[in-house]
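Chemist: sequence and predicted structure below; questions after.
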Amino acid sequence: SKEQPLAGKKVLVTAGPTIEVVDAVRYFTNHSSGKMGFAIAEVARQLGAEVTLVTGPVQLDEPVGVEVINVTSAKDMYDAVTKQFNEQHIVIKAAAVADYRPKKQHSRKMKKQDDDLMIEMERTDDILKTLGKLKTDQYLVGFAAETDKLLEYGQGKLERKNLDAIVINDISEEQNGFKSDTNAVHVLTNKGFNKAIPLKSKHEIASQLFSIFIGEMSGDGS
Ligand code: PMT
């Protein structure tokens, strides 16, 4: 229907940061609050979709009517998302996933030493890139948090990761990106659609994103 264009569709959204453990007390994480991903999950539900939200640790209330899967590390998120991927129609990766994790994770507390400490980091698996390879007819959307050359780096991710669309965040502005209730984004799609969405609440951004994605999926070019 017009109000529930996603009725009968399954939408998977990721949100929040990941946590990569160093030892029993220390970890690496990032500034993601989960607000953008949660807003996307809420709007998808309002549009009639059956929504799964895979989220890292955040301080937000669970959206009503959404299945929430809590994860901690990039590896946990990889496992949860790849397990669910086959049956989804739309997958939107708004999470800020760690690119590196400590090579060794100590289950005990590391003792302080007098000299400097080196922590060796290894790459995590790129979830989005994996999904781009596994993709059959899912509509796959990535996010890109950038401070420089936004469109160029965004276009690169769109192509390299075999995405249908990428939502580029300029995180050099305080009211955009991490933690804020508002965002301003630039959307690129693999069909050549290119649009800037100016500063709005994350909820309104999510609504506009779905009208773009739904338009592209139905092929009406809107
Ligand atoms: O959570 P908020 O406080 O509301 O902030 C919103 C946000 C800034 C976190 C969000 O809108 C955003 O931009 N998310 C993507 C942040 C990010 O990790 O960007 P990236 O350019 O490093 O990653 C690109 C894409 O690859 C992302 O879709 C990311 O989920 C994905 N990725 C990255 C690394 C990895 N190992 N696996 C991935 O799937």
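Modeler: Happy to help now that I have it.

Chemist: is it fair to say Gly156 lies in a strand?
Modeler: No - membership of Gly156 in a strand is not supported by DSSP: H, G, I helix; E, B strand; the rest coil, which gives helix.

Chemist: run through the residues of this protein sitting next to the ligand.
Modeler: Residues of the chain found near the ligand, taking CB under 6 Å from any ligand atom as the criterion, are 32-36, 74, 93-97, 99, 124, 126-128, 142-145, 157, 169, 177-179. In short, each C-beta sits where N, CA and C put it, glycine included.

Chemist: need the buried ones from the residues you listed selected in ChimeraX.
Modeler: Applying 16 or more other CB atoms under 10 Å to the residues of the chain next to the ligand, the buried members can be selected in ChimeraX as follows:
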select :32,33,34,35,36,74,93,94,95,96,97,124,127,128,142,143,144,145,157,169,177,178
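
Chemist: looking at the residues of the chain next to the ligand, which are in strands?
Modeler: 93, 142-145, 169 (DSSP state E).

Chemist: now flag whichever of those residues is closest to Asn194.
Modeler: Lowest distance from Asn194 to these (CB to CB) belongs to Ala144, with 14.1 Å.

Chemist: name whatever forms a beta bridge with that closest one.
Modeler: With DSSP bridges as the criterion, Ala144 is bridged to Ile168.

Chemist: that one: what's it in contact with?
Modeler: Neighbouring residues of Ala144 by CB atoms under 8 Å, 6 or more residues apart in numbering: 150, 153-154, 157, 166-169.

Chemist: let me know the outermost residue of this structure.
Modeler: Note on the chain: the largest C-alpha distance from the chain mean falls to Asp114, namely 39.6 Å (CA atoms, centre = their mean).

Chemist: circling back to that earlier point, between the ones in strands among the residues of the chain next to the ligand, which is nearest Thr55?
Modeler: Nearest to Thr55 among these, with distances taken as CB to CB, is Lys93, at 11.8 Å.

Chemist: list the contacts for His89?
Modeler: 9-11, 49, 138-139.

Chemist: quick one: pLDDT of it?
Modeler: pLDDT recorded at His89 is 98.

Chemist: likewise Ser222?
Modeler: pLDDT at Ser222 comes out at 45.

Chemist: is there a quick ChimeraX command that grabs whichever of the contacts of Ala144 are buried?
Modeler: Under the burial definition 16+ other CB under 10 Å, those of those that qualify are selected in ChimeraX by:
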select :150,153,154,157,166,167,168,169
